[in-house]
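Asker: following is a predicted model, sequence given first.
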Amino acid sequence: MLPPYKSLRVVEFGRFIAAPYCGQLFADGGADVIKIEPVIGDDSRRNGTRLSATEARQYINKNRGKRCVAVDLSDVMIRESIARLVDSADVVLANFRPGQAEKLGLAYEQVRVRNSNVIYAENTAFGPTGPMAAKAGMDILLQAYAGVVPLKESGPEMNIDPIVDYTAALLMAWGVATALYAREKTGTGQRLDVSLLQAALVIQNNSVNHIDAVDGWREEFVDYLKEAFSRGHSLTDVLAYRETLKPTIAPPYYGFFRTQDGFLALAAGGLVLRQKVAGLLGIEDPSLKDAGFQPQDVAAHTAMIRSDVQARLSNETTAHWLAAFEEVGVPAGVVNMKEQMLNDAQCWENDYLVRLEHEELGGMTVVGPPVKFSKTPLSVQGPTPTLGRHTREVLLATGMQAATIDTLAKKGLLIA
């Protein structure tokens, strides 16, 4: 079976996470993904644990199966050669610093003059227009700006995993696939913008919304925030004030609970499931019996029920409760650490993890392609490329002479 993107050419000007992981998804689909890097390499080659002279852990995670061209785009001859490469591209993934693409002649309006069918997907921080359009940004900045960062009394708490970047990468891949489908119908390409800001809003889709009839408190809180810190209010004060306006109510049968020997994740979200939990634990909850029941203090009632659930779960082991909830048909599970996933039988049985052989680093375990196709499966096409591994073969194919490549290499303008 042929992979779905076997004849597709993707030229990636990607750095760090979003555009590179998007490119890796297309490489897993069989596309010829050519990654253009500076002669010092994508910064992610140096991020995380350094594994070799030119690769670190954060590069390994999102660049497998690609061809790498390491060049200095400030050189005219190199720019002309890369422009010819872009002319042959079906897709361009762009993650330039603000204004850089225009200087290099690689912005969409410049590229489409020579390649009108190209799908040009650009990853920006704050979007293409507006007062912050020209600002650079990374995951942590957008987590902070968009309110993704959890706030504790001690201060903001950083999400170690770059959830905004990876969400943007998935949106970017979906956008490119959609644009390719549209091109099959219309015969024309287009530009896509996938911003980290939009990705941050998608992550918070459950809570970033406003129902006019009930959400007036949000405006009151925003007005309060404008001067709260300048008046000497602490974060504890701010969080407490927000609670007075709209108390945070943890669902009583949904979340993490302490057991006799560990923790349990309980996911009784629907009415029937909540009734099963209450029945199993012997909890009297009038809200589960009477659809018209309305406690005077919803937050207090919810906290009381949740406390009761917690007290009963703490009397037996995690294994006991997993078996009990399984028997009555309530979703429940263990709380694992990330490291345990590498040996998880469920992950291996479904090929969510795969083994890979790297030419310098040897064997490694990595996260596999994230979607399973019955007829056109994705698969790991190869390891990450060493820096400049494919510069010579790609530039030769664009018409650059071997002697010119050698001369530019001696000047340090490319790695071949």
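Answerer: Noted; the coordinates are in hand.
Asker: let me see the ranges of the helices in the stretch 151-300 of the chain.
Answerer: 163-186, 196-203, 216-228, 235-245, 271-281, 298-313 (DSSP state H, counting those that start in this stretch).
Asker: ranking those helices by burial, who's on top?
Answerer: Most buried of these, by mean neighbour count (mean count of other C-beta atoms under 10 Å): helix 196-203, with a mean of 21. Just so you know, the C-beta spots here come from the backbone N, C-alpha and C atoms, and that holds for glycine as well.
Asker: just how off-centre is that one within its chain?
Answerer: Centroid separation for helix 196-203 versus its chain: 10 Å, with C-alpha atoms, centre = their mean, to the nearest Å.
Asker: ok, the closest residue to residue 237 other than its chain neighbours to residue 332 distance?
Answerer: Distances taken as C-beta to C-beta, 6 or more residues apart in numbering put residue 228 closest to residue 237, at 7.2 Å, once the chain neighbours are dropped. Separation of residue 228 from residue 332 (C-beta to C-beta, to the nearest Å): 40 Å.
Asker: tell me the contacts of the closest residue to residue 262 other than its chain neighbours?
Answerer: Closest residue to residue 262 apart from its sequence neighbours, by C-beta to C-beta, 6+ apart: residue 318 at 4.7 Å. The neighbourhood of residue 318, defined by C-beta atoms under 8 Å, 6 or more residues apart in numbering, consists of 259-264, 334.
Asker: from the centroid of this protein, which residue is nearest?
Answerer: Nearest residue to the geometric centre of the chain (C-alpha atoms, centre = their mean): residue 166, 1.2 Å.
Asker: can I assume it is in contact with residue 16?
Answerer: No. Counting by C-beta atoms under 8 Å, residue 166 sits too far from residue 16 to count as a contact (11.1 Å).
Asker: report pLDDT for the residue lying closest to residue 241 once chain neighbours are set aside.
Answerer: Closest residue in space to residue 241, ignoring its immediate chain neighbours: residue 224 at 6.2 Å, by C-beta to C-beta, 6+ apart. pLDDT recorded at residue 224 is 96.
Asker: make 632 the first number, not 1, from now on.
Answerer: Happy to do that; since the first residue is 632 now, the last one works out to residue 855.
Asker: so residue 855 versus residue 911, what's the distance?
Answerer: From residue 855 to residue 911 the distance is 43 Å (C-beta to C-beta).
Asker: ok, now residue 659?
Answerer: 43 Å.
Asker: check residue 990 too.
Answerer: Computed as C-beta to C-beta, the residue 990 to residue 911 distance reads 55 Å.
Asker: which non-adjacent residue is nearest residue 890?
Answerer: Here the residue nearest residue 890, using C-beta to C-beta, 6+ apart, is residue 949, at 4.5 Å.
Asker: er, residue 910 actually
Answerer: residue 959 (7.6 Å).
Asker: so what's the one you found up against?
Answerer: By C-beta under 8 Å, 6+ apart, the contact set of residue 959 is 907, 910-911.
Asker: how close does it sit to residue 681?
Answerer: Applying C-beta to C-beta to residue 959 and residue 681 gives a distance of 51 Å.
Asker: check residue 1025 too.
Answerer: Distance from residue 1025 to residue 681, by C-beta to C-beta: 26 Å.
Asker: if we can go back for a sec, surely the residue nearest to residue 872 meets residue 871?
Answerer: No. Residue 855 is beyond contact range of residue 871, at 11.5 Å (criterion: C-beta under 8 Å).
Asker: mind checking which of the contacts of residue 949 are buried?
Answerer: Neighbour-count burial (16 or more other C-beta atoms under 10 Å) is assigned, among the contacts of residue 949, to 890, 895.
Asker: now for the contacts of residue 949: which two are most distant?
Answerer: The span of these, defined through C-beta to C-beta, is set by 891 and 965 at 13.9 Å.
Asker: in contact with the residue lying closest to residue 776 once chain neighbours are set aside: list those residues for me.
Answerer: If the residues on either side of it in the chain are set aside, residue 776 comes closest to residue 828, at 7.0 Å by C-beta to C-beta, 6+ apart. Contact partners of residue 828, counting by C-beta under 8 Å, 6+ apart, are 756-758, 768, 773, 776-777.
Asker: out of the residues you listed, who's the most crowded?
Answerer: residue 773 (25 neighbours; other C-beta atoms under 10 Å).
Asker: which SS state does that residue fall under?
Answerer: Here residue 773 is helix, with the state taken from DSSP: H, G, I helix; E, B strand; the rest coil.
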